[in-house]
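S.K.: Using only what follows, build the 3D model:
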Amino acid sequence: MRLHVRGLGLPDEAETQLWIVDGRISAEPVAGADTVFGSSGSPGWILPGLVDAHCHVGLGDRGEIPLKDAVAQAETERDVGALLLRDCGSPTDTRSLDDHDDLPRIIRAGKHLARPKRYGPGMSRELEDESQLPAAVAEEARRGDGWVKLVGDWIDRSVGDLAPLWSDEVLKAAIDAAHFHGARVTAHVFSEDALPGLIKAGIDCIEHGTGLTDDTIALMVEHHTALVPTLVNITENFPGIADAAARYPTYAAHMRDLYARAPARIAAAREAGVRLYAGSDAGSLVAHGRIADEIEALKGIGMSPTEALGAGCWDARRWLGRPCLEYGASADLLCYSRDPRSGPAVLNRPDLVILRGKVFRPSG
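M.R.: Residues are numbered from 1 along each chain as shown. A predicted model of the protein is given here:
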């Protein structure tokens, strides 16, 4: 199949023509190619496939799900243009989805690593003793796609509030083990207390980060730690989590405080120079197909429309080590008749999705 698309590329808004041969991008004209998008009078817009940098294909309300349901989750992401997913922890082994050439590419972090009763039931690999963490991290690093996911904090019912799961010494050994095996590490963190130990241990990314302070923001800048704030999840779900925790009033009050301060804290991180990327946290409390809403939410903490889109597209791809629209890269791209920076109503509805050189025309 030989295809041709024409449009304005982002972020530079330069006129772009691409040819697609055998699923790969060519910048050179190809005889006999079928023009499937764009004309000289009204070229439209061309983007690399969107990135959901915090997504859970294979995660349901109670943990593991059937593979057919994981396929449906991935199809939902594809149809809104999310063609690269960093799966931040899943109890379901979804590696067989790589055999589906009609599904997004998935970068897996394996299973969440947690302590007993210190994460959602059925959602993590539970370690009886924290000394097991370095070996478990090494194992997940060998099985995954270059990432490992830790649960950095969760409610400790013995104290009635959020608390770290791991000691600083164990975190350093575990993150060193991941790096030795060529993997990066990220962690779920809501509160303040878990952040210093994780950042100083060399963690590569923080998920959520609602408990950021000026001191931990400075540490993130010093250690080049990235942040995926999952703003949609925070905005839509923190109040309900607090309301459901009446038995633990200290925890409930803490969650409400984190919710109230999160936009300002995340904006401060961006202003200080912390790299932010878009991730919806789809999989349990957040429905799949919400990456456009997450990109829109990033505008609310100070990002320009182009910067916010980059955080869920070309910048995120480079951070994850995946190509954009380079010569020879897989043809994973989106075509829009209207400017995709204008908001979710446009970004969530690409006119054309091209994945591995195969054309999809999303319904709606």
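
S.K.: make it CA atoms for all contacts and neighbour counts henceforth
M.R.: Noted.

S.K.: now the spatially most central residue of the chain, what's its secondary structure?
M.R.: When the chain is reduced to its mean C-alpha position, the nearest residue by Cα atoms, centre = their mean turns out to be Ala53, at 1.4 Å. Three-state call for Ala53 (DSSP: H, G, I helix; E, B strand; the rest coil): strand.

S.K.: now Ile266
M.R.: Ile266 ends up helix, using three-state DSSP.

S.K.: Can you read off the pLDDT for it?
M.R.: We have a pLDDT of 98 for Ile266.

S.K.: Could you pull up the contacting residues of it?
M.R.: Gly209, Thr210, Leu212, Pro229, Ile301 (Cα atoms under 8 Å, 6 or more residues apart in numbering).

S.K.: and what of Arg338?
M.R.: Gly44, Trp45, Val346.

S.K.: So the last one belongs to a helix, correct?
M.R.: Yes - with three-state DSSP as the criterion, Val346 is part of a helix.

S.K.: and Glu236, how many residues sit next to it?
M.R.: 13 (other Cα atoms under 10 Å).

S.K.: thinking again about what came up before, among the contacts of Ile266, which one sits closest to Gly160?
M.R.: Within the contacts of Ile266, proximity to Gly160 (Cα to Cα) peaks at Thr210, which comes in at 18.5 Å.

S.K.: ranges for the helices of the chain?
M.R.: Taking DSSP state H, the helices of the chain run over residues 67-79, 133-143, 168-180, 195-200, 214-223, 231-243, 249-272, 291-299, 305-311, 314-319, 344-347.

S.K.: Can you tell me which of those is most buried?
M.R.: helix 291-299 (a mean of 25; mean count of other Cα atoms under 10 Å).

S.K.: Need the residues that contact that helix.
M.R.: 51-52, 82, 230-232, 278-280, 305, 308-309, 311-312, 343-344, 347-348.

S.K.: How about stretch 186-195?
M.R.: Residues contacting stretch 186-195 (Cα under 8 Å, 6+ apart): 147-154, 162-164, 203-213, 216, 258.

S.K.: How far does that stretch stretch from one end to the other?
M.R.: 12 Å (Cα to Cα, to the nearest Å).

S.K.: Could you do stretch 32-51 as well?
M.R.: Stretch 32-51: ends 32 Å apart by Cα to Cα.

S.K.: Would you mind splitting the protein into its domains for me?
M.R.: 2-47+323-360, 50-319 (the TED database).

S.K.: List the contacts of Arg270.
M.R.: Here Arg270 is in contact with Leu276 (criterion: Cα under 8 Å, 6+ apart).

S.K.: What separation do you get for it and Leu333?
M.R.: 27 Å.

S.K.: dump the residue contacts of Thr306.
M.R.: Counting by Cα under 8 Å, 6+ apart, Thr306 has contacts Pro11, Arg341.

S.K.: I'd like the distance between it and Asp315.
M.R.: For Thr306, the distance to Asp315 equals 11 Å [Cα to Cα].

S.K.: again with Gly302
M.R.: Distance of Gly302 to Asp315, computed by Cα to Cα: 17 Å.

S.K.: mind giving me CSV with the helices of the chain and columns for distance to Ala27?
M.R.: Output for the helices of the chain, formatted as CSV (distance: least, Cα to Cα, whole Å):
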stretch, distance to Ala27
helix 67-79, 25
helix 133-143, 36
helix 168-180, 36
helix 195-200, 42
helix 214-223, 37
helix 231-243, 37
helix 249-272, 35
helix 291-299, 28
helix 305-311, 22
helix 314-319, 18
helix 344-347, 25
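
S.K.: Where among those helices is average confidence lowest?
M.R.: Note on those: helix 133-143 shows the lowest mean pLDDT, a mean of 94.

S.K.: what's the spacing between that one and its chain's center?
M.R.: Per Cα atoms, centre = their mean, to the nearest Å, the displacement of helix 133-143 from the mean C-alpha position of its chain is 21 Å.

S.K.: so Asp145 makes contact with Lys111?
M.R.: No - here Asp145 lies out of contact with Lys111, judged by Cα atoms under 8 Å, at a distance of 11.8 Å.

S.K.: Which one's more surrounded, these two?
M.R.: Lys111 (24 against 19).

S.K.: Provide a list of residues in contact with that one.
M.R.: Applying Cα under 8 Å, 6+ apart, the residues near Lys111 are Gly89, Ser90, Pro91, Met123, Ser124, Arg125, Glu140, Val148, Lys149.

S.K.: among those residues, who's most crowded?
M.R.: So for these (other Cα under 10 Å), the most neighbours sit at Val148, 31 neighbours.

S.K.: So what sits opposite that residue in the bridge?
M.R.: Val148 has the following beta-bridge partners by DSSP bridges: Val185.

S.K.: hang on, isn't it packed against Arg184?
M.R.: Yes - using Cα under 8 Å, Val148 is in contact with Arg184, at 6.3 Å.

S.K.: Which neighbours do the two have in common?
M.R.: Ala178.

S.K.: hang on, the earlier thing: quick check, nearest of the contacts of Ile266 to His100?
M.R.: Using Cα to Cα, the contacts of Ile266 come closest to His100 at Pro229, 29.8 Å.

S.K.: How many residues are close by that closest one?
M.R.: As a burial measure, Pro229 scores 27 neighbours (other Cα under 10 Å).

S.K.: and it, what pLDDT?
M.R.: Pro229 carries a pLDDT score of 98 in this model.

S.K.: For it, give me its contacts.
M.R.: So Pro229 contacts Ile206, Glu207, His208, Gly209, Thr210, Ile266, Leu276, Tyr277, Ala278, Gly279 (Cα under 8 Å, 6+ apart).

S.K.: residues contacting the last one?
M.R.: What it means is Gly279. By Cα under 8 Å, 6+ apart, the residues touching Gly279 are Val51, Asp52, Ala53, His54, Cys55, Val228, Pro229, Thr230, Ile291, Glu294, Gly312.
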